[in-house]
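Engineer: Okay, predicted coordinates and the sequence, questions at the end:
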Amino acid sequence: MTPSISDISLETSARWRENADERCNHWAITRHEPWHDDGKSRVVLVRACFMAVFLYQTGNDEDRSKAMDAAREFARRNSLAKVRMFPFDLWVFKDFIGFTAALHAAGWITGTAASTLRDLVRRNEEKQVMDHLLALGEAFAPRDYTQAMQAHLASRTTI
């Protein structure tokens, strides 16, 4: 089960953490049954300013159990390493990288693009990391930049 990743404000994060059903590897885990009936419920993980959401069919105990197990496994796999590479703050997880910077793009990257950036961060290749992140543009709302980063990395390797 693959979660959807999104950013949240630190205030919202604090509220989710306060109401957590349980914690795993410093992630707050909460089951969220909708108050409007769209047929979907969710297990929500919150850490720092990121949220991972696992959807399941409302009222299906087996699906809820699978979503909780998937959330716990995701939490175990994704320890947080926060890294400051001016002007960016990076949240380096196993399954994704989140980033924020005033007046620059903010968001997250998953998959092979995240693996590439994670390897650069581990090697402390700050200039390369900054070149890649600054290529995403300026002052955009937080969002998933995976495809944009994949395209950018592909263009750099073909030159």
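Structural biologist: In hand now; what should we look at?
Engineer: In the helix or strand bottoming out on mean pLDDT in the chain, which residues are buried?
Structural biologist: Within the chain, judged by mean pLDDT, DSSP states H and E, the helix or strand with the poorest mean is strand 81-85; its value is a mean of 81. By neighbour count on 16 or more other Cβ atoms under 10 Å, the buried set for strand 81-85 is 83, 85. Placement of C-beta: from N, CA and C, glycine included.
Engineer: Also stretch 33-46?
Structural biologist: 41-46.
Engineer: so what does the helix or strand that the least confident helix or strand of the chain is followed by touch, helix or strand wise?
Structural biologist: Next helix or strand after strand 81-85 toward the C-terminus (DSSP states H and E): strand 88-92. When contacts are defined as 3 or more Cβ pairs under 8 Å, 6 or more residues apart in numbering; DSSP states H and E, strand 88-92 packs onto strand 81-85, strand 96-100, helix 111-122, helix 126-134.
Engineer: need the ones you listed in a markdown table with distance to Ala71, can you?
Structural biologist: Below are the helices and strands packed on strand 88-92 laid out as a markdown table (distance: least, Cβ to Cβ, whole Å):
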| stretch | distance to Ala71 |
| --- | --- |
| strand 81-85 | 20 |
| strand 96-100 | 15 |
| helix 111-122 | 19 |
| helix 126-134 | 28 |
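Engineer: and these, which is most packed in?
Structural biologist: Highest mean neighbour count of the helices and strands packed on strand 88-92: strand 96-100, a mean of 23 (counted as mean count of other Cβ atoms under 10 Å).
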